[in-house]
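**Student:** Prediction below, plus the sequence it came from.
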Amino acid sequence: MQGQSKDFDGAMFDIYKRAKSEAGYNATIFLKMLNDRGGLDTAKYLINSPRESDGYAALYLRHRLDLTVEAMVVENTRWHGLFTSEELMKARARLEKYGYKAHVI
């Protein structure tokens with residue numbers, strides 16, 4: 001589990017870098033959260049938040065919901081074991097609310 005959590009942290013930093021390079025979005029608050037909380041706690045916080053983050057909204061406006069935490073968690077079955085079924089449902093529902101069709105790998 002710890003190795004998987006460390007890999008997840010790396011994947012979270014990757015979506016930060018991709019959002020910056022591919023979508024022109026510099027998610028400074030997200031990066032601070034990653035450094036302060038780690039990837040898994042950041043993901044759980046964002047998924048369980050009652051409203052979408054400003055970063056989620058910024059990526060939506062850029063048509064890049066594929067770079068959100070929700071998409072990363074839902075689409076890659078490797079991460080499913082790190083989250084409760086309720087958290088996975090919340091992430092999936094948020095994506096669907098904004099018209100994003102997840103592609104599970």
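**Tutor:** Cool, the structure landed. None of these values were measured; they are calculated from a predicted model.

**Student:** middle-most residue in this structure, spatially?
**Tutor:** For the chain, the residue whose C-alpha lies nearest the mean C-alpha position (C-alpha atoms, centre = their mean) is residue 69; its distance is 0.4 Å.

**Student:** quick one, what contacts it?
**Tutor:** Neighbour list for residue 69: 12, 15, 42-43, 46-47, 56, 91 [criterion: C-beta atoms under 8 Å, 6 or more residues apart in numbering]. Backbone N, C-alpha and C define where each C-beta goes, glycine included.

**Student:** Name the member of those residues that has the highest neighbour count.
**Tutor:** residue 43 (26 neighbours; other C-beta atoms under 10 Å).

**Student:** And for residue 79, the neighbour number?
**Tutor:** 21.

**Student:** isn't it right up against residue 72?
**Tutor:** Yes. Residue 79 is within contact range of residue 72, at 7.1 Å (criterion: C-beta atoms under 8 Å).

**Student:** Now the common contact residues for these two.
**Tutor:** Each of residue 11 lies in contact with both residue 79 and residue 72 under the rule C-beta under 8 Å, 6+ apart.

**Student:** before we move on, the earlier item: nearest to residue 99 among the contacts of residue 69?
**Tutor:** Ranking these by separation from residue 99, with C-beta to C-beta as the measure, puts residue 56 on top at 13.3 Å.

**Student:** ok, residues contacting the lowest-mean-pLDDT helix or strand in the chain?
**Tutor:** Lowest on mean pLDDT, DSSP states H and E among the helices and strands of the chain sits helix 2-23, with a mean of 91. Helix 2-23 is contacted by residues 25-27, 30-31, 34, 38-40, 42-43, 55, 59, 62, 64, 67-69, 72, 76, 78-79, 81-82 when judged by C-beta under 8 Å, 6+ apart.
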